[in-house]
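Asker: Below are the sequence and a predicted model; questions follow.
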Amino acid sequence: MPTLEFEPEEFLSNECIRLLMLNLAQHQPFVQQLQRLGQDCPTVTRYALSRIQAIRSRADSLASEREDWSEARAYYDKLSELVSDYGLNPQWAMELVHMAVTKPKALGIAPFEFVEIQPKQYEITWSDRFVTTKNEIRQHVLKQFEEQWADYEGQLRKAGFVRLHKRGRLADHMRWVFKRVCLKKSWNQIATSQYTSKDTVRKTAQPIIDMLGLKSPELKGGRPPGKPLT
């Protein structure tokens, strides 16, 4: 559950991953490559990714296992190349894309981690010796709250929280990320298609790209990355 202006980064990143993968699920060239992977490597695609990694990591193989060994090496290399070509983060994308080779609906599933948030209490005090009017009390209380809230924000960031992202716009923003990272579109191309400014698109999408560890393309005339999520 969110806490005022902040939420656990896991909540936001998982939802961003889910939306990004849904965009890929609707991108026919990507789906066709998944289908080719399944057709080219029909045996090992039925295995868990961890088993494929174990098979391919062997220095040699028994004659009875040689076919699986060769297929596992070829499949893993093609899978890695596909993940890289679309600018995805292999730390989480390899597993999701592998699952999607045999289960296309898996593209809409992202890992989820529950984080329990403890309620926050503030203690505000004042003394009639120092504040004598209602307005002075109000200003005194507000000052204490701002100081405590600033400290609380720092604690939240250290604990892995980020500012709440407007959920009503997140699908649009992830579409921008998809176009930038996966389709290699320029900020200007994306902005033109969305009838907004290049700076708006870049400042919104780049922090999400950084958070998910995606590979932003190096295009001519590009702008420096935006500020990280805070």
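Answerer: Sure thing, it's come through.

Asker: Could you use CA atoms for every contact and neighbour count after this?
Answerer: Noted.

Asker: Alpha carbons of stretch 39-48, as PDB, please.
Answerer: What follows is stretch 39-48, C-alpha atoms only, in PDB (Å, rounded to 0.1, in the frame of the first residue of the first chain):
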ATOM      1  CA  GLN A  39      10.700 -23.800 -33.400                       C
ATOM      2  CA  ASP A  40      14.500 -23.800 -33.600                       C
ATOM      3  CA  CYS A  41      15.000 -25.200 -30.100                       C
ATOM      4  CA  PRO A  42      11.900 -27.400 -29.300                       C
ATOM      5  CA  THR A  43      13.600 -29.600 -26.700                       C
ATOM      6  CA  VAL A  44      15.300 -27.200 -24.300                       C
ATOM      7  CA  THR A  45      12.500 -24.600 -24.400                       C
ATOM      8  CA  ARG A  46      10.500 -27.000 -22.200                       C
ATOM      9  CA  TYR A  47      13.200 -26.700 -19.500                       C
ATOM     10  CA  ALA A  48      13.500 -24.100 -16.800                       C
END
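
Asker: Pull out the buried positions in it.
Answerer: For stretch 39-48, a neighbour-count test (16 or more other C-alpha atoms under 10 Å) marks C41, V44, T45 as buried.

Asker: what do you get for stretch 193-212?
Answerer: Applying 16+ other C-alpha under 10 Å to stretch 193-212 flags K198, V201, R202, T204, A205, Q206, P207, I208, I209, D210, L212 as buried.

Asker: any low-confidence regions in this structure?
Answerer: When residues are selected by pLDDT under 70, those of the chain lie in 1-4, 6, 59-67, 108-122, 126, 128, 130-131, 159-160, 162-168, 220-230.

Asker: what about the longest helix in it?
Answerer: Using DSSP state H, we find that the single longest helix of the chain is helix 134-158.

Asker: what separates that helix from the chain centre, distance-wise?
Answerer: The chain centre lies 32 Å from the centre of helix 134-158; the measure is C-alpha atoms, centre = their mean, to the nearest Å.

Asker: want to throw the buried residues of stretch 193-212 into CSV with distance to K143 and secondary structure?
Answerer: As requested, these are arranged in CSV below (distance: C-alpha to C-alpha, whole Å; DSSP: H, G, I helix; E, B strand; the rest coil):
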residue, distance to K143, secondary structure
K198, 38, helix
V201, 36, helix
R202, 35, helix
T204, 31, helix
A205, 34, helix
Q206, 34, helix
P207, 31, helix
I208, 33, helix
I209, 36, helix
D210, 34, helix
L212, 36, helix
